[in-house]
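> The following comprises the amino acid sequence and a computationally predicted model.
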There are 2 protein chains.
Amino acid sequence: MARLPIYLQVLLSATEVGTTTVSSDELASGAGFNSAKVRKDLSHLGSYGTRGVGYQVAELTAEISQVLGLGDDRPVVIVGVGNLGRALASYDGFARRGFRLVALVDADPALVGTEVAGHTIEPVARLHELVEERGIGIAVIATPAAHAQAVADAVTAAGVTAILNFAPTQLEVGAGVTVRRVDLSSELQILSFYEHLAAQFPAATG
Amino acid sequence: MARLPIYLQVLLSATEVGTTTVSSDELASGAGFNSAKVRKDLSHLGSYGTRGVGYQVAELTAEISQVLGLGDDRPVVIVGVGNLGRALASYDGFARRGFRLVALVDADPALVGTEVAGHTIEPVARLHELVEERGIGIAVIATPAAHAQAVADAVTAAGVTAILNFAPTQLEVGAGVTVRRVDLSSELQILSFYEHLAAQFPAATG
DNA sequence: CTTTGTGAAATCCTTCACAGCG
DNA sequence: CGCTGTGAAGGATTTCACAAAG
């Protein structure tokens, strides 16, 4: 259900505008797919729509948030405070959606002790301790690829069950741990492929 | 073919280690899926493997790079030089994989004229001109959601055919333009869901 | 004996189309 | 009437399993 967060976004912007009900058609165009898919997806959560009317924005927002486990703000650690880690630490989108950054960790002794986005950077050695003490369940790995596996091992050993991996490498984790990988240069390469196509066959649709 | 870049990564790390041939099994475990899928994927590119041996790392790397249109370095513009834009501008992964950052653009007059990662930030008004002059085909949008559509309109009007969108919004673009969306808080929300599950049913596998 | 390449089977995902509710 | 909820159809993708090649 990788689409629920997108519905949530559409619902949030509907709330801002003051809309109180949305149809599957409106959700679909806001989210970028078709209405049948929206209804199928939402029907898996139970029956929250009213025929002839649509869905209550507030009710559906609450339901999706609950399914996603949002609301009770979730402590997150960012490991690796390079350019990307720093940007993520300062990114207010996390805070606005129910996540709370509670620790920053880096291997570089020159960075440890300095402050970024209101957090003092901690050494890798304290990772286990921090995860346990602060009840961290989600870790963001923004280290170089070579260190990513060691970090994953450390955080999962300490109790983290969900990892967002920005390092361009495949992580091995035990059962019960979920990894999502975001690979920025892969994304560009895929685009490159389409641009390549577009340049060769200007008639083709991406 | 969103998996080709991942194969490419595995191949690159194989090259670093000095391996000259890989089997579909090795590629599969490096990439995180199974060998049948790898072989199906690679068979679409043509027949580059040797039965009983595997694939030549160098040959396959060249072939995938060519299909993805890499090699002839591709000019990229980043629009929006906030935390994320700045991190992307400094991210060396792009340069190392055949992309060349040729312009930075921001709407904030206070930023225009300042230097980031060796590039002088240009005003939004020059966007069209920059895209045409510098032959830019790929744009990275790292602006707030409210401005993303206007930027997309501007760059596609100027000839960009591929967009990497970090703004949490659905972009409308004409035919022939490809958009890929990377939504960091969606990723965290999806993880949140799995962590939520793991916390409730410790036995279940992610 | 190992590993590719590939038809066939199985599975998953999307879209259609419409009955039924409000 | 409008819109949801959902079986059924249609596509696409993944996996199986094995023949053929080195």
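The structure has been received and is ready for your questions.
> contacts, neighbours, all on C-alpha from now
OK.
> Kindly list the longest strand within chain A.
Secondary structure of chain A read by DSSP state E shows that its longest strand is strand A:99-106.
> CA atoms only for that strand - export them in PDB, please.
Provided in PDB are the C-alpha atoms of strand A:99-106 (Å, rounded to 0.1, in the frame of the first residue of the first chain):
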ATOM      1  CA  PHE A  99       7.900  12.000  12.700                       C
ATOM      2  CA  ARG A 100      10.200  13.300  15.300                       C
ATOM      3  CA  LEU A 101      13.900  13.400  14.700                       C
ATOM      4  CA  VAL A 102      15.400  12.400  18.100                       C
ATOM      5  CA  ALA A 103      19.100  11.700  17.200                       C
ATOM      6  CA  LEU A 104      21.800  12.400  14.700                       C
ATOM      7  CA  VAL A 105      24.700  10.000  14.500                       C
ATOM      8  CA  ASP A 106      27.900  10.200  12.400                       C
END
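> strands paired with it, and their directions?
strand A:74-79 (parallel), strand A:119-123 (parallel) (DSSP bridges).
> deepest of those, which one?
Among the strands paired with strand A:99-106, ranked by average contacts under mean count of other CA atoms under 10 Å in any protein chain shown, first place goes to strand A:74-79 (a mean of 23).
> and after it, which helix or strand comes next?
Counting by DSSP states H and E, the next helix or strand C-terminal to strand A:74-79 is helix A:83-90.
> neighbouring contacts of that next one?
A:78-79, A:101, A:116-117, A:142-143, B:83-84, B:86-88, B:90-91 (CA atoms under 8 Å, 6 or more residues apart in numbering or on different chains).
> do stretch A:165-177 as well
A:140-145, A:148-149, A:152-153, A:156, A:160-163, A:179-184, B:9, B:30-32, B:198, B:202-206.
> Would you work out how far apart the start and end of that stretch are?
Length of stretch A:165-177, first residue to last, CA to CA, to the nearest Å: 12 Å.
> got it, and stretch A:134-150?
One end of stretch A:134-150 to the other measures 20 Å (CA to CA).
> and if you look at stretch A:133-148?
OK, stretch A:133-148 end separation, CA to CA: 22 Å.
> Report whether stretch A:61-69 contacts DNA strand D.
No: if you take CA under 7 Å from any atom of the strand as the test, stretch A:61-69 misses DNA strand D, and the best it gets is 12.6 Å.
> Go through the contacts of stretch A:165-177 and flag which are in helices.
Counting by DSSP state H, the part of the contacts of stretch A:165-177 found in helices is A:A145, A:A148, A:Q149, A:A152, A:D153, A:T156, A:L184, B:Q9, B:G30, B:A31, B:A198.
> Only whichever of those residues are buried, select them in PyMOL.
One line in PyMOL is enough to select the buried members of the ones in helices among the contacts of stretch A:165-177, burial here meaning 16 or more other CA atoms under 10 Å in any protein chain shown:
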select buried, (chain A and resi 145+148+149+152+156+184) or (chain B and resi 9+30+31+198)
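> How many residues are close by A:V151?
Using other CA atoms under 10 Å in any protein chain shown, A:V151 has 22 other residues around it.
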